[in-house]
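Peer 1: All I have is the shape, not the residue letters:
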């Protein structure tokens with residue numbers, strides 16, 4: 001079972017890998033080129049985050065351009081490609097950070113099940129409510145992870 005499905009609503013996941021948002025490999029408007037993404041999300045930082053929350057799932061993050069929710073067809077395609085989570089901006093941000101030489105930790109908050117999973121329409125209000133309900137847990141994870149990173 002994919003980590004996002006296992007986590008259910010408001011689950012947290014650390015990125016282990018990612019899929020680019022453009023299937024044709026296009027680089028967004030003057031963005032970084034030829035960036036090595038072998039370990040786009042730092043194994044060291046992922047390990048530190050898991051020390052703070054051993055139940056933290058890992059998965060493959062897929063980026064779609066947005067700003068709209070995905071279609072059921074896109075979700076089926078991404079599942080076939082091995083994606084566990086989908087979002088809009090993390091992939092671009094990760095590429096830019098890696099191009100700048102930064103070590104990256106990607107942490108996603110699962111705020112809804114993707115289009116076509118439940119048969120219900122997606123609701124932005126529902127996403128905002130799930131995010132608000134998880135703010136304290138996510139904040140605690142981020143605070144403890146940052147504290148642990150600062151100590152090493």
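Peer 2: In hand now; what should we look at? Note that the structure is predicted; figures quoted are calculated from it, not measured. Numbering: from 1, shown residues only.
Peer 1: Next one: the residue nearest the centre of the chain from residue 36, what distance?
Peer 2: Central residue of the chain (C-alpha atoms, centre = their mean): residue 108, 4.2 Å from the mean position. Applying C-beta to C-beta, to the nearest Å, the value for residue 108 to residue 36 is 22 Å. All C-beta spots, glycine's among them, are computed from the backbone N, C-alpha and C.
Peer 1: What of residue 60?
Peer 2: To residue 36, residue 60 is 18 Å away according to C-beta to C-beta.
Peer 1: and these two? which has more neighbours close in?
Peer 2: Each of residue 60 and residue 36 has its neighbours counted (other C-beta atoms under 10 Å); residue 60 has more, 20 against 8.
Peer 1: my guess is the more buried one meets residue 86, correct?
Peer 2: No - applying C-beta atoms under 8 Å as the test, residue 60 and residue 86 come out as separate, 9.9 Å apart.
Peer 1: List the buried residues of the longest helix seen in the chain.
Peer 2: Counting by DSSP state H, the longest helix found in the chain is helix 135-151. Across helix 135-151, burial judged by 16 or more other C-beta atoms under 10 Å covers 141, 145, 149.
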